[in-house]
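Enquirer: here you go, sequence then predicted model.
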Amino acid sequence: METLGELGVGLAVLLETFVPPIPSEAVLPGAGFLAYEGRMSFTLAWAAATAGALIGAWIWYAVGSALGRDRTRHLVGRIPLLDHEDFDQSEAFFQRWGGVAVLLGRCVPLVRSFVSIPAGISRMPVLHFTAYTFIGSGAWNAIWIGAGFAFGPAIKPALERWSGVLSNAVLAVIAILVVWFVVKRVRRLVKRRRAVGAQ
């Protein structure tokens, strides 16, 4: 961000869309601090961050749209420990909460990277999808850039100390969720096989 300015902010947020362990919560306050020091524009930093989030969301939306429902359902069924029922449940949830899921999902690490895929699969109107993404991402970016700007010099040591910790925390949460998911699914498969064997 120091080298590329506002463009660097947008690229960092776009990169986070594809590499979730790079949390925007550690990136955006740094942009706010640079704006506090007068080394970049607060407004342009916010605009670049929001544009990066939009571009990443559009790409994932296009992936979901290109795959379509049937192909995605087939792919999910071939993933170890997943089955078609998982896809059906996720689809039902998104059909009910699609707009809210996209809007609020922009404020949840990891979720914000992939919530665009079911939006593309369900062919949510692009203008609606863009509006939800813009509002959710715009608010999220304003909060974190604003925090960096408001706290000024006080935010710099905190960023140096906690940005790596935050990234590791995100990775740890992902690892815990993966382990929990695998254990739960293995137990379910064992129960199903026992039930089939008992018939």
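Expert: Here it is on my side, so go on. Residues are numbered from 1 along each chain as shown.

Enquirer: C-alpha from now on. contacts and neighbour counts both.
Expert: Fine.

Enquirer: would you map the helices across the protein?
Expert: Under the criterion DSSP state H, the chain carries helices at the ranges 6-18, 24-36, 42-78, 84-105, 111-114, 116-121, 126-151, 155-198.

Enquirer: in the third one, what counts as buried?
Expert: It refers to helix 42-78. Residues 42, 44-65, 68-69, 72-73, 76-77 are the ones in helix 42-78 that count as buried (16 or more other C-alpha atoms under 10 Å).

Enquirer: one more: the fourth one?
Expert: Within helix 84-105, the residues scored as buried using 16+ other C-alpha under 10 Å are His84, Phe87, Glu91, Phe94, Gly98, Gly99, Ala101, Val102, Leu103, Leu104, Gly105.

Enquirer: export stretch 179-193 to PDB, keeping only CA atoms.
Expert: Only the C-alpha atoms of stretch 179-193 are listed here, as PDB (Å, rounded to 0.1, in the frame of the first residue of the first chain):
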ATOM      1  CA  VAL A 179     -11.400 -31.000  11.800                       C
ATOM      2  CA  TRP A 180     -14.900 -30.700  13.300                       C
ATOM      3  CA  PHE A 181     -16.500 -31.100   9.900                       C
ATOM      4  CA  VAL A 182     -14.400 -34.200   9.100                       C
ATOM      5  CA  VAL A 183     -15.100 -35.900  12.400                       C
ATOM      6  CA  LYS A 184     -18.800 -35.200  12.100                       C
ATOM      7  CA  ARG A 185     -19.000 -36.500   8.600                       C
ATOM      8  CA  VAL A 186     -17.000 -39.700   9.300                       C
ATOM      9  CA  ARG A 187     -19.300 -40.500  12.200                       C
ATOM     10  CA  ARG A 188     -22.300 -40.000  10.000                       C
ATOM     11  CA  LEU A 189     -20.900 -42.300   7.300                       C
ATOM     12  CA  VAL A 190     -20.100 -45.000   9.900                       C
ATOM     13  CA  LYS A 191     -23.700 -44.800  11.200                       C
ATOM     14  CA  ARG A 192     -25.100 -45.100   7.700                       C
ATOM     15  CA  ARG A 193     -23.000 -48.100   6.900                       C
END
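
Enquirer: same question for it, mean pLDDT?
Expert: Averaging pLDDT along stretch 179-193 gives 74.

Enquirer: how about the contacts made by the residue nearest the centre of the chain?
Expert: Nearest residue to the geometric centre of the chain (C-alpha atoms, centre = their mean): Arg112, 2.2 Å. If a contact means C-alpha atoms under 8 Å, 6 or more residues apart in numbering, then Arg112 has Thr17, Val102, Gly105, Arg106 as its contacts.

Enquirer: and what of Gly64?
Expert: Gly64 neighbours (C-alpha under 8 Å, 6+ apart): Thr72, Ser116, Ile117, Pro118, Ala119, Gly120, Ile121.
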